[in-house]
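S.K.: just to be clear, the model below is a prediction. Sequence and coordinates:
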Amino acid sequence: MTDTQMLSREAAPLEEEACARAPVGLLAELTHRCPLQCPYCSNPTELERANTELSTADWQSVMRQAAELGILQIHLSGGEPTARRDLEEIVETAAKSGLYTNLITAGVLLSRERLEKLRDAGLDHVQLSIQDVDVENADRIGAYKGGAKKKHEVAGWVRELDMPLTVNAPIHRQNIENLPAIIDYAVDVGAGRLEVAHIQYYAWALKNRAALMPTKEAFMKTAEIVKEAKERLKGILVIDFVVPDYYAKYPKPCMGGWGRGIINVTPSGRVLPCHAAESLPGMQFDNVRDRPLADIWLNGSAFEKYRGTDWMKEPCRSCDRREIDFGGCRCQAFALTGDAANTDPACSLSPKHEEWAKVAEVESHKPAPEFVYRRMGKAANATSE
Ligand code: SF4
Ligand code: SF4
């Protein structure tokens, strides 16, 4: 479909139903290109190449369609979204369409001048990821020399430019000891929010599970540290704490429930209910190049497949929590049970839970293997760096 065709389609009146059931946020994976190679990256292991990416006009159309649909927030993500030279144009269109714009970035490609341009184009918020506060360890985890130093500089620019800052800190066995220092770092750089996000084991993180999985004792300690810090830093820093599924009693509602709160658009325009959904077999994902976003959201087969609760099997079907966690993660259920409609093994009521939880116990007590770094084409392990 051409850009002109896309624009004429987006002009079609939207059904009231679409707005009433609109997702809150849209995660725009503008590109899978990234100079870092984090071994827990949430991108699929088959990364999309630059020559398949949507054009500037395509993304601008997605922004306008998102606003018409009733979406409130756009998360500009990747890969590394600043690798796109047209980011300012995309931000400007999103802002002018009335969307709240959040840039999720590793920061290393930014200059102060570019950040200022992005702010002037309407960027509302910056979410900066860090690998660790130990500079050497951080650069090793991201496989990018000088990354930690640059990120610190970028955090300073964000605050100088008077933009709100969130620090995102993925936590795992190779940086978990530094959590107190990570909290201090977030306060020092003037962040308003810190995400202490234990790794979720999909995609690249699943390949690296044994290298990343903390022990249960180490995890419990982080819960205590965060609890104390939340109390101490009230009014200074908000801390979000993401628990690892392997040590939880019940699963999280994946993406707030399948087809309920979030819509994900890949670099080439495929529209997914969740960033990991491509790991499920037999799914048909529509593309914004072929079909309007609102129609995909309301009627696309991938969104319909696990929306609501009708698809559930026991024990979820008759469980009181079925509209709280929506049976957890479909990708995790498929990976362990071979059927995505089964209960997520993260749930203590799943018949597979014990087997699943044992994996964490065993792997976290063995010496950590080398990382398999995230990379286009053939993945690389630590020794090939
Ligand atoms: S997690 Fe790391 S490799 Fe993946 S997109 Fe973010 S910075 Fe790049
Ligand atoms: S059985 Fe299903 S609905 Fe009930 S808590 Fe477990 S995952 Fe959630």
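M.R.: Thanks, I have it. Ligands and ions are numbered 1, 2, ... in the order given.
S.K.: from here on, contacts and neighbour counts on C-alpha atoms
M.R.: OK.
S.K.: doesn't Val238 make contact with Arg193?
M.R.: Yes: in this structure, Arg193 is within contact of Val238 by CA atoms under 8 Å, at 4.6 Å.
S.K.: return the residues of the chain in contact with ligand 2.
M.R.: 250-251, 315-316, 319, 321-322, 325-328, 343-344, 347, 349 (CA under 6 Å from any ligand atom).
S.K.: again, only this time at 8 Å
M.R.: 250-251, 314-328, 343-350 (CA under 8 Å from any ligand atom).
S.K.: near ligand 1, anything from the helix or strand hosting Val91?
M.R.: For Val91, the host element (DSSP states H and E) is helix 87-96. No: Helix 87-96 lies out of reach of ligand 1 by CA under 8 Å from any ligand atom, never closer than 15.7 Å.
S.K.: return the per-residue confidence for Leu7.
M.R.: Leu7 carries a pLDDT value of 43.
S.K.: before we move on, the earlier item: so what touches the helix holding Val91?
M.R.: 56, 59-60, 63-64, 67, 74, 81, 100-101, 117-118, 121-123 (CA atoms under 8 Å, 6 or more residues apart in numbering).
S.K.: how about the residues of the stretch 1-150 of the chain near ligand 1?
M.R.: The stretch 1-150 of the chain comes close to ligand 1 at residues 32-43, 77-80, 105-106, 129, 142, as judged by CA under 8 Å from any ligand atom.
S.K.: run the last query once more with 5 Å
M.R.: 34, 36-38, 41, 79, 106 (CA under 5 Å from any ligand atom).
S.K.: how about Trp258, secondary structure?
M.R.: Under DSSP: H, G, I helix; E, B strand; the rest coil, Trp258 falls in the coil class.
S.K.: cool, and Leu103?
M.R.: Under three-state DSSP, Leu103 comes out as strand.
S.K.: that one reaches Arg119, doesn't it?
M.R.: No: Leu103 is beyond contact range of Arg119, at 10.4 Å (criterion: CA under 8 Å).
S.K.: among these two, which residue is more densely surrounded?
M.R.: A side-by-side neighbour count of Leu103 and Arg119, using other CA atoms under 10 Å, places Leu103 first with 25 against 20.
S.K.: which residues touch the more buried one?
M.R.: Leu103 neighbours (CA under 8 Å, 6+ apart): 75-77, 81, 123, 125-127.
S.K.: in the helix holding Val91, which residues are buried?
M.R.: For helix 87-96, a neighbour-count test (16 or more other CA atoms under 10 Å) marks 87-95 as buried.
S.K.: okay, the residue nearest to the spatial centre of the chain: pLDDT?
M.R.: The centre of the chain sits closest to Ser42, judged by CA atoms, centre = their mean, with a distance of 6.2 Å. For Ser42, the pLDDT comes out at 92.
S.K.: which ones are touching it?
M.R.: Contacts of Ser42 by CA under 8 Å, 6+ apart are 202-205, 275-276.
S.K.: same list (those residues) but as a markdown table, adding pLDDT.
M.R.: As requested, the contacts of Ser42 are arranged in a markdown table below (pLDDT from 0 to 100):
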| residue | pLDDT |
| --- | --- |
| Tyr202 | 84 |
| Ala203 | 87 |
| Trp204 | 94 |
| Ala205 | 94 |
| His275 | 86 |
| Ala276 | 86 |
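S.K.: from those residues, which land in helices?
M.R.: Filtering those for membership in helices, criterion DSSP state H, returns 203-205.
S.K.: would you list the residues you listed in JSON lines and tack on distance to ligand 1 and neighbour count?
M.R.: As requested, the ones in helices among the contacts of Ser42 are exported to JSON lines (distance: CA to the nearest ligand atom, whole Å; neighbours: other CA atoms under 10 Å):
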{"residue": "Ala203", "distance to ligand 1": "11", "neighbour count": "23"}
{"residue": "Trp204", "distance to ligand 1": "9", "neighbour count": "25"}
{"residue": "Ala205", "distance to ligand 1": "10", "neighbour count": "25"}
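S.K.: a markdown table for these, including distance to Phe303?
M.R.: Shown next, in a markdown table, are the ones in helices among the contacts of Ser42 (distance: CA to CA, whole Å):
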| residue | distance to Phe303 |
| --- | --- |
| Ala203 | 20 |
| Trp204 | 24 |
| Ala205 | 25 |
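S.K.: need the next SSE after the one helix or strand Ser61 maps to, C-terminal direction.
M.R.: Per DSSP H and E, Ser61 falls inside helix 56-69. Using DSSP H and E, the next helix or strand after helix 56-69 towards the C-terminus is strand 73-77.
S.K.: mind saving the C-alpha coords of that following strand as PDB?
M.R.: In PDB, the C-alpha atoms belonging to strand 73-77 read as follows (Å, rounded to 0.1, in the frame of the first residue of the first chain):
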ATOM      1  CA  GLN A  73       0.700   7.600  24.900                       C
ATOM      2  CA  ILE A  74       3.300   6.700  22.400                       C
ATOM      3  CA  HIS A  75       6.400   4.900  23.500                       C
ATOM      4  CA  LEU A  76       9.100   5.400  20.900                       C
ATOM      5  CA  SER A  77      11.300   2.400  21.200                       C
END
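S.K.: which helices and strands sit right next to it?
M.R.: Secondary-structure packing of strand 73-77 (3 or more CA pairs under 8 Å, 6 or more residues apart in numbering; DSSP states H and E): strand 25-29, strand 100-105.
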